[in-house]
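S.K.: Following is a predicted model, sequence given first.
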Amino acid sequence: MALQGSLADFGIAEILQLIGSQQKTGILHVTGGSSAEEVMIAFSSGRIIRTDVNGRHKRDLLGQMLVAAGDVSREQLAVALKSQKKSLKRIGDILVEMQVIGRETVNELADLQTRETLYRLFEWKSGQYRFESKPPNFTRPSGRPISSESLLMEGFRMLDEWPLIRARINNYSVVFRPLDKARELDDQGKALERVLDDAFSEFGGGGGIDEFSFDDSLSGGSGGLGDEERKILGLVDGQRDVYQIIDLSRLGEFETCKALLTLLNEEYIEPTKVKRALESPVRHRSVNARRFALRIIVNGTLLLAIVFGVLFMPRSRIELHRNAQQVANEAQTRLRANRLVAIATALEVFRVENGRYPAKLAVLVEKGLITPETLQLPGEVAIRYLSIGTDYDLR
């Protein structure tokens with residue numbers, strides 16, 4: 001089976017569907033993505049049995065996932081990695097042999113790692129692919145086989161729902177805290193546990209569970225939350241950021257963020273702060289600040305060049321005046337553009353921390369995100385701003 005080409009012409013969904021329908025055995029090499037990484041997907045009779053990534057991010061390594069999930073300590077992982085250099089065994093197998101962790105937990109995280117790798121492929125819009133046929137039993141499976149059909153269904157569902165989720169859950173350094181509604185739900189759950197304990201207690205009258213009538217609210221059904229939302233709600237404590245909740249939930253990035261969005265929309269939780277983590281989308285704030293400073297330097301250099309031309313190459317007094325006026329106009333235009341960039345950056349920081357854009361730009365000054373001079377300089381036309389819910393107009 002000769003199968004190779006560009007993802008721009010033949011998407012990953014079509015490739016997986018073709019290999020699955022023809023029940024092929026071999027390795028699919030896919031190169032692309034934002035970091036030009038290579039993903040190798042092993043198939044056996046059309047089912048995915050293993051994935052490997054060249055240049056996998058440290059955070060996505062199985063050992064790091066086990067540490068982040070709280071199953072393995074960093075010290076235990078360090079010992080296992082040292083042993084791996086000598087034995088070349090898989091890190092999960094070594095940890096099981098060390099009796100640090102059970103095989104079931106390793107398989108669970110390995111399966112999650114595989115699915116997360118595959119789901120990210122659906123977002124690749126460019127790259128190259130090549131399928132290499134192999135004989136049966138050419139590789140050892142790393143987890144439970146995954147059918148191409150189920151993967152495609154989940155992949156398409158994620159593509160449809162991700163834009164809505166990322167509109168609000170777009171910074172993984174944000175920390176959420178539970179609201180009163182969540183505490184009431186927790187109290188109801190505890191009340192239900194007490195009722196069930198009493199019902200099965202030998203001191204409960206011997207009549208059995210049927211003698212007790214339950215208020216529907218105690219079951220939590222009125223809250224409208226599913227098992228995944230309840231699990232995520234239990235991890236929201238006002239201290240963990242989204243990264244940590246994803247790691248501890250074992251549900252994966254998409255399902256965790258989807259549950260957080262539901263809890264946010266239903267007002268069970270609210271954002272409270274942003275952690276200044278090393279590996280965090282909030283780095284964009286400092287990146288934007290650096291870009292802003294760099295832009296000022298570049299613009300200053302251009303202005304100096306213009307001034308140099310005005311002062312040293314004038315042909316007449318009229319031309320000198322005209323050039324000076326042009327320098328002033330360009331300086332004012334560039335300065336206003338720089339201020340618009342600074343304000344836009346502050347608006348994004350405010351939205352990340354508060355889940356919305358401010359009604360007025362003066363709020364940014366009150367929060368200390370910009371200075372009053374950034375909003376308007378003496379003698380300049382005021383900057384116009386209009387908040388329209390999930391977006392804004394700035395000019």
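M.R.: That came in fine, so what should we check first? Numbering: from 1, shown residues only.
S.K.: was I right about S148 contacting G20?
M.R.: Yes: judged on C-beta atoms under 8 Å, S148 makes contact with G20 at a distance of 2.8 Å. Any C-beta I mention is one placed from the backbone N, CA and C, and that applies to glycine too.
S.K.: who touches both of these two?
M.R.: Residues touching both S148 and G20 (C-beta atoms under 8 Å, 6 or more residues apart in numbering): G46, R47.
S.K.: Identify the bridge partners of the closest residue to Q128 other than its chain neighbours.
M.R.: Leaving aside its chain neighbours, Q128 sits nearest to T31 (5.0 Å; criterion: C-beta to C-beta, 6 or more residues apart in numbering). With DSSP bridges applied, T31 shows beta-bridge pairing to E38, Q128.
S.K.: Now do the contacts for T31.
M.R.: T31 neighbours (C-beta under 8 Å, 6+ apart): E37, E38, V39, G127, Q128, Y129.
S.K.: Looking at the residues you listed, spot the one nearest L81.
M.R.: Ranked by distance to L81 (C-beta to C-beta), the contacts of T31 are led by E37 at 21.4 Å.
S.K.: average pLDDT across the host helix or strand of L112?
M.R.: Assigned by DSSP states H and E, L112 belongs to helix 103-121. Helix 103-121 carries an average pLDDT of 89.
S.K.: Pull out the buried positions in that helix.
M.R.: Residues 105-106, 108-110, 112-121 are the ones in helix 103-121 that count as buried (16 or more other C-beta atoms under 10 Å).
S.K.: Show residues contacting that helix.
M.R.: Contacts with helix 103-121, where a contact means C-beta under 8 Å, 6+ apart, come from 12, 30, 33, 39, 41, 48, 50-51, 53, 60, 62, 65-66, 69, 71, 92-93, 95-96, 142-144, 146, 151, 154-155, 158, 250, 252-254.
S.K.: on that earlier part again, what separation do you get for the residue nearest to Q128 and L233?
M.R.: 40 Å (C-beta to C-beta, to the nearest Å).
S.K.: With D241 instead?
M.R.: Taking C-beta to C-beta, one finds D241 at 16 Å from L233.
S.K.: What of R177?
M.R.: R177 sits 11 Å away from L233, taking C-beta to C-beta as the criterion.
S.K.: Looking at these two, which one has more neighbours?
M.R.: Between R177 and L233, L233 has the larger neighbour count (other C-beta atoms under 10 Å), namely 22 against 15.
S.K.: Now the more buried one: which helix or strand?
M.R.: Using DSSP H and E, L233 sits within helix 227-235.
S.K.: Equivalent analysis for D160, please.
M.R.: Using DSSP H and E, D160 sits within helix 148-166.
S.K.: So what touches that helix?
M.R.: 13, 16-17, 19-21, 46-48, 115, 118-119, 121-123, 254, 257-258, 261.
S.K.: In ChimeraX, how would I select the buried members of the residues you listed?
M.R.: Only the buried entries of the contacts of helix 148-166 go into this ChimeraX selection, using 16+ other C-beta under 10 Å:
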select :13,16,17,19,20,46,47,48,115,118,119,121,122,254,257,258,261
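S.K.: Helices - which of the contacts of helix 148-166 land there?
M.R.: 13, 16-17, 19-21, 115, 118-119, 121, 254, 257-258, 261 (DSSP state H).
S.K.: Let me have those residues in a markdown table, adding distance to Y172 as columns.
M.R.: Output for the ones in helices among the contacts of helix 148-166, formatted as a markdown table (distance: C-beta to C-beta, whole Å):
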| residue | distance to Y172 |
| --- | --- |
| A13 | 26 |
| L16 | 28 |
| Q17 | 31 |
| I19 | 33 |
| G20 | 32 |
| S21 | 37 |
| R115 | 19 |
| L118 | 20 |
| Y119 | 16 |
| L121 | 20 |
| F254 | 13 |
| C257 | 9 |
| K258 | 14 |
| L261 | 13 |
